[in-house]
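Visitor: Generate coordinates for the sequence data below:
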Amino acid sequence: MESELKYLKHYLDTGCKYVRHFQDEIFTDELTMYNISSLITDPRKKLLLSPMSDLTKEIEHNGERFVPYEDDLLCELMKEDEYLEYLCEVRLDITQINFIPFKLVDKLCHWHFDVFSLIPEGLAIDINTIE
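Guide: Coordinates of the predicted model:
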């Protein structure tokens, strides 16, 4: 439970949603400090995240549509590190990076990206699989 909480807490106060299955229906709710522990204890509830591969695709966040990889702020954060700056300039795969600065992780969590590989672990659901 502690290990899952250390990842889920980064999505608090970002407007991130989670899905819950109940009698063949899917409901969505916003993740809050009041319901975060229920995502750990109730297997029917999963965080709804974008896989890191969606960084190069158009997403919608707070009513605005944009491609995160082309976002000026993301590139500015990446320029704080020479290797990350190179990735930003040539548009290589950010998912292959072993170390990402906290400010960049924070921004990706704010945009609801699966920075911690929760989807493959079964702790989150790929937003692209929900209709």
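
Visitor: Give me the pLDDT for the residue lying closest to Ile26 once chain neighbours are set aside.
Guide: Closest residue to Ile26 apart from its sequence neighbours, by CB to CB, 6 or more residues apart in numbering: Val19 at 5.4 Å. Quick note: C-beta positions are derived from backbone N, CA and C, even for glycine. Looking at Val19, its pLDDT is 87.

Visitor: Assumed Val19 was part of a strand.
Guide: Yes - counting by DSSP: H, G, I helix; E, B strand; the rest coil, Val19 is located in a strand.

Visitor: How about the contacts made by the nearest residue to His112 once chain neighbours are set aside?
Guide: Setting aside the residues directly before and after it, His112 is nearest to Cys16 in space (CB to CB, 6+ apart), at 5.0 Å. The contact partners of Cys16, by CB atoms under 8 Å, 6 or more residues apart in numbering, come to 30-31, 47-49, 109, 112.

Visitor: Leu39 too?
Guide: So Leu39 contacts 4, 8, 18, 31, 45-47, 123 (CB under 8 Å, 6+ apart).

Visitor: Among these, which lie within strands?
Guide: In strands, judged by DSSP state E, the following of the contacts of Leu39 are found: 18, 45-47.

Visitor: Understood, closing this out.
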